[in-house]
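K.L.:
Predicted model and sequence follow; I will ask about them next.
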2 protein chains.
Amino acid sequence: MQQFLIEAKKTSRHISTLSGEVKNKVLNQMAEAIIEHCDYIINHNEKDMENARVNNLDAALMDRLLLTGDRVMDMAKAIKEIAALKEPVGRTLDGWVTEDGLNIQKVSIPIGVIGIIYESRPNVTSDTAALCFKSGNVCVLKGGKEAENSNKAIATILRKVLDDNGLPQNAISLLPDSSREGVAFLIKQDKYVDLIVPRGGEALIKYVSENATVPVVKHDKGVCHTYIDKDANHEKAIAISINAKCSRPSACNALETLLIHKDVAAYILPPLHEAFMKNGTELRGCSITRNYIDIHSASENDYDTEYLANILSIKVVKNIDDAIAHIAKHGSGHSEAIISENYSSINKFLDEVDSACVYANASTRFTDGGAFGLGAEVGISTNKLHSRGPMGINDLTTFKFKVYGNGQIR
Amino acid sequence: MQQFLIEAKKTSRHISTLSGEVKNKVLNQMAEAIIEHCDYIINHNEKDMENARVNNLDAALMDRLLLTGDRVMDMAKAIKEIAALKEPVGRTLDGWVTEDGLNIQKVSIPIGVIGIIYESRPNVTSDTAALCFKSGNVCVLKGGKEAENSNKAIATILRKVLDDNGLPQNAISLLPDSSREGVAFLIKQDKYVDLIVPRGGEALIKYVSENATVPVVKHDKGVCHTYIDKDANHEKAIAISINAKCSRPSACNALETLLIHKDVAAYILPPLHEAFMKNGTELRGCSITRNYIDIHSASENDYDTEYLANILSIKVVKNIDDAIAHIAKHGSGHSEAIISENYSSINKFLDEVDSACVYANASTRFTDGGAFGLGAEVGISTNKLHSRGPMGINDLTTFKFKVYGNGQIR
């Protein structure tokens, strides 16, 4: 496997210099090849589905694993959309002339070799491969065991297109040893691998973060908050809270804890309660909350929990400082919102809350590459460095300094 | 020590919101305090010097450790220069309005708590503390054992100024447990520490990289190359090679291997040899090089070595591709230069060499915060992500997205 990674690194030097024209032509051919071989992909997916049935996978996982004709068409469409993105490599990020007359240009370049570890959904294979290729990176993909046949089929089709175009097939690779040991090896190869992106459960992310020597961009959990200030518009407060919690409770940008200023708790809790009841949300509240509405009590543990379900904890706070302190203690630095019409409160909240995305009067559900207008979604980073929050294709680049001189010495 | 880091994290929320006005006032007072307590610092430094004499520290280390009146004044001057830098926090890095009418602002913010591990020179203590404070970060400093008394004296003075201004003293802290175990603990506290910057020998950097769960910005070795193309101007080629090697051989941006196109080897090697002889440089060459000039032979191992001394290896290459391949194999991704008057060769070299800084017709010695015009030097990163190459104070910030809505739901 060492040799495999050495070759991947070599290939990355080749791929990193491809022109946008070549990359886009190849990507569009990949999309066509996916459409053309739709049956081939579905046949292989059927093997995974059969194994899943034998292994009694739960219904939600089965659904994520399933590929239909429509879903394969969506995969092709996604690749075409990626081809249409603005070229991410070679952007001038900054530039200046020094006192010595050196012309310095800070330009975006591919990261190199990117290892991506993910689960179930086979479309991640084609999405990720296309995003990495478009940004001039080599990808080493490690999908879930349960999707092995589907992932292999998809990779085979994409690699064939590379080959047809005289490009090295290993620009898009599945990790040859997909066992635990294979992953353990991969994440320590900092000489050949430049970035690891783990997308999956908490255990996977924890394992990778603790053991990798390669830099990691995490897609960790979101314990997101919305704070209803004393100067909140009540209609907006209710609409945003309902949307943030109920529109997709399993998303990482969904609301988990609602914080309410004590001065408005009496007015806003009864209509909020009613609205959440209509949406079937289970509410768990602090003792003050429960003075106003009849719900179960929330424990300290509730405040640290990403429910991934239609459950919401509610806490009444003394003031905005109390809300900010609660978020600092219990939040995961993902997305938080304040609902207020007060200029100073909004500035204070947006300045002092240290999360990737901080919202004034909008739902945290907007934390998303597409909703941010970044184009195809690479993921949502919970890192504090390199990339943070919704990741677009530009987050798959780093930079170098090109320095143009005319004989300068120092 | 856990409690110490919990408190540091709390303090970072406070420090991160200080205005530039407050920070600059405090920094200027720190500079004055350093001047005022010059004798106090020198007295404590004398204890370190005495221990160094007892322990037979070598002359170069003794010189790095020594503080004189002039050197203390320079420390104060450096703090004033840092105070005068443009405010790094709150810069709008990007901004746009989404289709939903959300106004998104990507703004720079402090990183949080930064652990810095360094050796000998006591001025690093005040420089780093000032850079971190200016950029709204809390610093946890772990200096060398040999400079313990000096570092404590400097930190005491800076912390007193924080206290005089009603600011928490732990915004500038020395690591309470400076043992190996203390460092091992620090680099795994990713919940409370946001970044580790190791500045020191290879062993330290390797240890930190392999064991940290906190993100690391490395200041690793530089195996820098200069390639003399067949279309090089010979005068520039010689002047730049001499400067890159001889102006300060111990620097990480110094030249280690000179690559020469075969077509010009016969003409340029003799005058190069003569020029290096005048500078007392020990040359080690490949077999072709040794056909033209009488020098020792270079081994494969030489090509991987950062000499940190006035020694240079020379290799004749077939063409520019051969030069680029050699750099890919042996380089450390720090700084490389091409000397050429050929437009296409220069573009090819700057595009294909994957190093932090790639130069056309200039000395690699310019890889430096000051020479780049970035102001006070934070260091030179050999990371590929977050920061790369010369680091200015802006590299001590990360970002968040502030999103201004008016009731948007999704």
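P.N.:
Arrived safely. Bear in mind the structure is a predicted one, so any value in this text is a computation, not a measurement.

K.L.:
The closest residue to chain B within the stretch 151-300 of chain A sits in which helix or strand?
P.N.:
For the stretch 151-300 of chain A and chain B, the shortest gap (C-beta to the nearest C-beta) falls at residue A:243, measuring 3.6 Å. The C-beta positions use only the backbone N, C-alpha and C, and glycine is treated the same way. Per DSSP states H and E, residue A:243 falls inside helix A:234-246.

K.L.:
Next, the buried residues of that helix.
P.N.:
Residues A:236-246 are the ones in helix A:234-246 that count as buried (16 or more other C-beta atoms under 10 Å in any protein chain shown).

K.L.:
Residue A:271 contacts residue A:238, doesn't it?
P.N.:
Yes: using C-beta atoms under 8 Å, residue A:271 is in contact with residue A:238, at 6.1 Å.

K.L.:
low-confidence ranges in the stretch 1-150 of chain A?
P.N.:
Scanning the stretch 1-150 of chain A for pLDDT under 70 picks out nothing.

K.L.:
Could you measure from whichever residue of it sits closest to chain B over to residue B:338?
P.N.:
Proximity of the stretch 1-150 of chain A to chain B (C-beta to the nearest C-beta) peaks at residue A:98, 4.8 Å away. Per C-beta to C-beta, to the nearest Å, residue A:98 is found 19 Å from residue B:338.

K.L.:
which of the two has more neighbours?
P.N.:
More crowded of residue A:98 and residue B:338, by other C-beta atoms under 10 Å in any protein chain shown: residue B:338, with 28 against 17.

K.L.:
which one is that one nearest to, not counting chain neighbours?
P.N.:
Distances taken as C-beta to C-beta, 6 or more residues apart in numbering or on different chains put residue B:349 closest to residue B:338, at 4.0 Å, once the chain neighbours are dropped.

K.L.:
Contact partners for that neighbour?
P.N.:
B:227, B:229, B:320, B:323-324, B:336, B:338, B:340, B:358, B:360 (C-beta atoms under 8 Å, 6 or more residues apart in numbering or on different chains).

K.L.:
cool, residue A:129 as well?
P.N.:
So residue A:129 contacts A:139, A:141, A:154-155, A:158, A:172 (C-beta under 8 Å, 6+ apart).

K.L.:
Those residues in helices, which ones?
P.N.:
A:154-155, A:158 (DSSP state H).

K.L.:
Could you list the contact residues of the stretch 201-350 of chain A toward chain B?
P.N.:
Counting by C-beta under 8 Å from any C-beta of the partner chain, the stretch 201-350 of chain A comes close to chain B at A:209-210, A:213, A:215, A:233, A:235-236, A:239-240, A:242-244, A:247, A:328, A:350.

K.L.:
how does it look with 7 Å?
P.N.:
Selection of the stretch 201-350 of chain A residues close to chain B by C-beta under 7 Å from any C-beta of the partner chain yields A:209-210, A:213, A:215, A:236, A:239-240, A:243, A:247, A:328, A:350.

K.L.:
repeat for the stretch 51-200 of chain A
P.N.:
Residues of the stretch 51-200 of chain A lying near chain B (C-beta under 7 Å from any C-beta): A:96, A:98-99, A:102, A:104, A:111-112, A:194-195.

K.L.:
give me that answer again for 6 Å
P.N.:
Applying C-beta under 6 Å from any C-beta of the partner chain, we find that the stretch 51-200 of chain A lies next to chain B at A:98, A:102, A:194.

K.L.:
which one of those is nearest residue B:280?
P.N.:
residue A:102 (28.0 Å; C-beta to C-beta).

K.L.:
Looks like the closest one contacts residue A:402 (just checking).
P.N.:
No: counting by C-beta atoms under 6 Å, residue A:102 stays clear of residue A:402, with 10.3 Å between them.

K.L.:
shaky segments in the stretch 301-410 of chain A?
P.N.:
Using pLDDT under 70, the stretch 301-410 of chain A has no residue that qualifies.

K.L.:
Would you state the helices of it in chain order?
P.N.:
In the stretch 301-410 of chain A, the helices defined using DSSP state H, counting those that start in this stretch lie at A:320-330, A:343-352.

K.L.:
Over to the stretch 101-250 of chain A?
P.N.:
A:123-134, A:148-164, A:180-186, A:202-211, A:234-246.

K.L.:
Now do the contacts for residue A:80.
P.N.:
Residue A:80 makes contact with residue A:31, according to C-beta atoms under 6 Å, 6 or more residues apart in numbering or on different chains.

K.L.:
Surely it is within a helix?
P.N.:
Yes: applying DSSP: H, G, I helix; E, B strand; the rest coil, one finds residue A:80 inside a helix.

K.L.:
Domain boundaries for chain A, per the record?
P.N.:
Per the record, chain A has its domains at A:2-220+A:386-404, A:224-370, by automatic domain parsing.

K.L.:
would a markdown table of the ones you listed with distance to residue B:288 be doable?
P.N.:
Output for the domains of chain A, formatted as a markdown table (distance: least, C-beta to C-beta, whole Å):
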| stretch | distance to residue B:288 |
| --- | --- |
| domain A:2-220+A:386-404 | 25 |
| domain A:224-370 | 53 |
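
K.L.:
Could I get the full set of strands for the stretch 201-350 of chain A?
P.N.:
With DSSP state E, counting those that start in this stretch as the criterion, the stretch 201-350 of chain A has strands at A:224-228, A:255-261, A:282-285, A:296-297, A:311-317, A:335-339.

K.L.:
so how far is stretch A:217-230 off the chain centroid?
P.N.:
Its chain's C-alpha centre and that of stretch A:217-230 lie 14 Å apart, by C-alpha atoms, centre = their mean, to the nearest Å.

K.L.:
Am I right that residue A:89 is in a strand?
P.N.:
No: assigned with three-state DSSP, residue A:89 falls outside any strand and is coil.

K.L.:
residues contacting the residue nearest to residue A:315 when sequence neighbours are not counted?
P.N.:
Nearest non-adjacent residue to residue A:315, counting by C-beta to C-beta, 6+ apart: residue A:286, 4.5 Å away. Residue A:286 is in contact with A:298, A:315-316, counting by C-beta under 6 Å, 6+ apart.

K.L.:
tell me the phi and psi of residue A:286?
P.N.:
Dihedral pair for residue A:286: phi -70, psi 180, per degrees, to the nearest 10.
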